[in-house]
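Undergrad: When you get a sec, could you give me coordinates for this:
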Amino acid sequence: MEGVRRRDREGTRQRILDAARGLFAELGYDQVTMRLIAAEAGANIALINRYFGSKRELFAEVLAMQGRFPGVLDGPVAELPRRLAEYVADRLRSDLASPVMATLSRSSASPEIHDIIRDRVNSAIMGPLAALLPGEEAQLRAALATALITGSGTLRQLFGPEALGPSSREAVVARLTRIFEACLEG
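TA: Residues are numbered from 1 along each chain as shown. Take a look at the predicted model:
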């Protein structure tokens, strides 16, 4: 009996996380209520409070489960501008919007979660990037590259893959590589 109860608890918790992730990405933090999450997850509001404590804590867990900046930072530092350019070009050209970027952009106006968003961007992108960069002003250079990365997500959300027009992937990657080289040079 304990195994069934444990699976139900884990299943309910996952349904709540999945519902919250979708709703935060679609509507943003301020527009999502605990009742809306509960209805979407088919769960009781009391369970959301028991598993997560508050909407703010649930939001933090949704962001944390999105994973780290995907493998782009792995490899030789000399090739980093090209890897970042490829990542951004592929995100801009993708038919699928990033749920993380949607959540961040639709939720960033809420002062209640500014620290969560700031910590997430810092721990997932800016901090690890600054740690890789040799020389002076590594934090500044990482911040400029992060602005380009996050700004590209906003552009993708506003205009979709059509924002780049008929440009080839390689042309976009070549131009972005030069931009990232300028941002990251010591």
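Undergrad: Any buried residues in stretch 101-114, and which?
TA: Neighbour-count burial for stretch 101-114 flags Met101, Ala102, Thr103, Leu104, Ser105, Arg106, Ser107, Ser108, Ser110, Ile113 (criterion: 16 or more other CB atoms under 10 Å). The C-beta positions use only the backbone N, C-alpha and C, and glycine is treated the same way.
Undergrad: quick one: which of those is nearest Glu57?
TA: Sorting the buried residues of stretch 101-114 by how near they are to Glu57, with CB to CB, puts Ile113 at the top with 10.3 Å.
Undergrad: any idea how far Val100 is from that closest one?
TA: Using CB to CB, to the nearest Å, we find Ile113 at a distance of 14 Å from Val100.
Undergrad: coming back round to it: any chance of the buried residues of stretch 101-114 in CSV, with secondary structure, pLDDT and distance to Leu23 too?
TA: Converted to CSV, the buried residues of stretch 101-114 look like this (DSSP: H, G, I helix; E, B strand; the rest coil; pLDDT from 0 to 100; distance: CB to CB, whole Å):
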residue, secondary structure, pLDDT, distance to Leu23
Met101, helix, 78, 16
Ala102, helix, 79, 11
Thr103, helix, 84, 9
Leu104, helix, 81, 14
Ser105, helix, 79, 15
Arg106, helix, 83, 10
Ser107, helix, 85, 11
Ser108, coil, 83, 16
Ser110, coil, 88, 14
Ile113, helix, 91, 14
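Undergrad: Considering the residues you listed, which is situated nearest to Phe52?
TA: Of all the buried residues of stretch 101-114, Phe52 sits closest to Ile113, with 13.7 Å by CB to CB.
Undergrad: you'd agree that closest one is up against Gly28?
TA: No. Counting by CB atoms under 8 Å, Ile113 does not reach Gly28; the two are 10.0 Å apart.
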